[in-house]
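Visitor: pasting the sequence and the predicted model now:
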Amino acid sequence: MKYADGPSVEVETEIAAPIETVWALISDIATPVRFSAEVQSVEWDDPAAEIAVGARFTGHNRHERAGEWSASCVVVAYDPPHTFGWAVNDPDNPAASWCFTVETTGDGVRLRQWGQIGPGPSGLTPAIAAMPDKEEQIVDRRMAEHRGNMEATVEGIKALAEGTIG
């Protein structure tokens, strides 16, 4: 897949817990820090502001090949207790977009996390420019890394919500 195709990945899990419990975890921007190998810390730009569409936070990341960086994030979807999503850098042309959704099922909830890179420039942009013949491999590798971090995150949220970890 090419960057311009808007590569995305989605993971999901079933959780035996009330939707309010899962919502509290997915709407806490610090939750992924506990489980992602890449996200190191996050903080609201204005800690006193109400969480809503347009609220901003900064994420601090680390990757063995890319080094360390910070990214400005803007909440673009906020529908308690179902949807929490954000765009990285420019919400009109994001470097990436991320979203958690949660829906009630018969025995609990289904949690999904979705992520898409682009269409705006991102950390992959210079790598692709330097090696355009390897674009598909670069994108595939990055999406596999995102999938692994996302799977760890949703499984971590499941464990927290079900009380198997504290």
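Guide: In hand now; what should we look at?

Visitor: bridge partners for the residue nearest to the spatial centre of the chain, pull those for me.
Guide: Nearest residue to the geometric centre of the chain (CA atoms, centre = their mean): Trp98, 4.2 Å. Beta-bridge partners for Trp98, by DSSP bridges, are Trp86, Gly115.

Visitor: and for the one 10 residues further on?
Guide: The residues listed as beta-bridge partners of Gly108 by DSSP bridges are Thr105.

Visitor: tell me who's in contact with the residue nearest to the centre of the chain.
Guide: The contact partners of Trp98, taken as CB atoms under 8 Å, 6 or more residues apart in numbering, are Gly85, Trp86, Ala87, Val88, Gln113, Trp114, Gly115. Glycine gets a C-beta too; all of them are placed from N, C-alpha and C.

Visitor: so in that sheet, which strands flank the longest strand seen in the chain, and in what orientation?
Guide: Secondary structure of the chain per DSSP state E: the longest strand is strand 67-79. Next to strand 67-79 in the sheet, as set by DSSP bridges, lie strand 56-63 (antiparallel), strand 83-88 (antiparallel).

Visitor: dump the contacts of Trp98 into TSV; add pLDDT, distance to Gly54 and neighbour count as well.
Guide: Putting the contacts of Trp98 into TSV (pLDDT from 0 to 100; distance: CB to CB, whole Å; neighbours: other CB atoms under 10 Å) gives the following:
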residue	pLDDT	distance to Gly54	neighbour count
Gly85	98	12	20
Trp86	98	11	25
Ala87	98	11	22
Val88	97	15	19
Gln113	98	22	26
Trp114	98	20	16
Gly115	97	20	20
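
Visitor: out of the strands paired with strand 67-79, which is closest to Pro121?
Guide: Nearest to Pro121, of all the strands paired with strand 67-79, is strand 83-88, at 10.6 Å by CB to CB.

Visitor: got the residue ranges for the helices in this structure?
Guide: Applying DSSP state H to the chain gives helices spanning 19-26, 124-130, 135-162.

Visitor: if we can go back for a sec, per-residue pLDDT of the residue nearest to the centre of the chain, please?
Guide: On pLDDT, Trp98 comes in at 97.

Visitor: then the one 3 residues further on?
Guide: Per-residue confidence for Thr101 comes out at a pLDDT of 98.

Visitor: who's in contact with it?
Guide: His82, Thr83, Leu111, Arg112, Trp114.
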